[in-house]
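Trainee: Using only what follows, build the 3D model:
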Amino acid sequence: MSMSQSALEAALREGFPDAQIEVTDLAGDGDHYKARIVSPTFKGLTRVRQHQLVYQALKGRVGGELHALALETGAP
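Mentor: The predicted structure is shown next:
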């Protein structure tokens, strides 16, 4: 079972309502995505911590219904 692009975007927007979010389907298969998230939440945090917050927002879906996710995160 895979996660749709709209479901991924919705989960990210729920976790980061103040963010600019751009999701790209990398392979056209609904299984490999790239997400660019720019949020004030990330200000002063390391990239590893930023990515941990994204994984938390996705509530364990990465590696399950969301096979692969490339992340690009940062503060505005």
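
Trainee: sec struct for the residue of the chain positioned farthest from its centre, please.
Mentor: What lies farthest from the middle of the chain is G44; by C-alpha atoms, centre = their mean that is 18.7 Å. Counting by DSSP: H, G, I helix; E, B strand; the rest coil, the backbone at G44 sits in coil.

Trainee: So what's the residue count around the closest residue to it other than its chain neighbours?
Mentor: Spatial nearest neighbour of G44, excluding adjacent residues (C-beta to C-beta, 6 or more residues apart in numbering): A75 at 7.5 Å. Quick note: C-beta positions are derived from backbone N, CA and C, even for glycine. Per other C-beta atoms under 10 Å, the neighbour tally for A75 reads 13.

Trainee: Contact partners for A75?
Mentor: By C-beta atoms under 8 Å, 6 or more residues apart in numbering, A75 lies in contact with V38, S39, P40, T41, F42, K43, G44, L45.

Trainee: do K59 as well
Mentor: If you count contacts by C-beta under 8 Å, 6+ apart, then K59 has A11 around it.

Trainee: how close does it sit to I37?
Mentor: Counting by C-beta to C-beta, to the nearest Å, the gap from K59 to I37 is 16 Å.

Trainee: Q56 too?
Mentor: From Q56 to I37 the distance is 13 Å (C-beta to C-beta).
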